[in-house]
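**Q** sequence unknown, structure follows:
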């Protein structure tokens, strides 16, 4: 599974990075996801972080 952050939608609230720092981090004022596949043990927390985005800027793909 991969996580993708849409930089055009991200408002830089830091919620995803706070909930799942193994996958999400902040670059300047925008969130970014690690490149490539999310490690299996981090998938549940990454999905929860994506679902918590207040503007829907994060999507997950198989």
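**A** Perfect, thanks for sending it. None of these values were measured; they are calculated from a predicted model.
**Q** what residues does the stretch of helix or strand residue 59 belongs to touch?
**A** Using DSSP states H and E, the element containing residue 59 is strand 58-61. By C-beta atoms under 8 Å, 6 or more residues apart in numbering, the surrounding residues in contact with strand 58-61 are 1-6, 16, 24, 31, 33, 46-47, 49-50. C-beta: built from backbone N, CA, C; applies to glycine.
**Q** make a PyMOL selection of the buried ones in those.
**A** Those of those that count as buried under 16 or more other C-beta atoms under 10 Å are selected in PyMOL with:
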select buried, resi 3+5+16+24+31+33+46+47+49+50
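**Q** please identify the helix or strand for residue 8.
**A** Using DSSP H and E, residue 8 maps to neither a helix nor a strand.
**Q** can you pull out the strands in this protein?
**A** Applying DSSP state E to the chain gives strands spanning 2-5, 24-27, 30-33, 58-61.
**Q** JSON lines for those strands, including mean pLDDT?
**A** Shown next, in JSON lines, are these (pLDDT from 0 to 100):
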{"stretch": "strand 2-5", "mean pLDDT": "98"}
{"stretch": "strand 24-27", "mean pLDDT": "98"}
{"stretch": "strand 30-33", "mean pLDDT": "98"}
{"stretch": "strand 58-61", "mean pLDDT": "96"}
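**Q** do you know which of those lies nearest residue 41?
**A** Closest to residue 41 of the strands of the chain is strand 2-5 (C-beta to C-beta; 14.5 Å).
**Q** what helices and strands are in contact with that closest one?
**A** On a contact count with 3 or more C-beta pairs under 8 Å, 6 or more residues apart in numbering; DSSP states H and E, strand 2-5 meets strand 30-33, strand 58-61.
**Q** okay if I get the ones you listed as CSV plus distance to residue 10?
**A** Below are these laid out as CSV (distance: least, C-beta to C-beta, whole Å):
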stretch, distance to residue 10
strand 30-33, 5
strand 58-61, 8
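**Q** beta partners of residue 27?
**A** Residue 27 has these beta-bridge partners by DSSP bridges: residue 30.
**Q** tell me, how many neighbours does it end up with?
**A** Counted with other C-beta atoms under 10 Å, the neighbours of residue 27 add up to 10.
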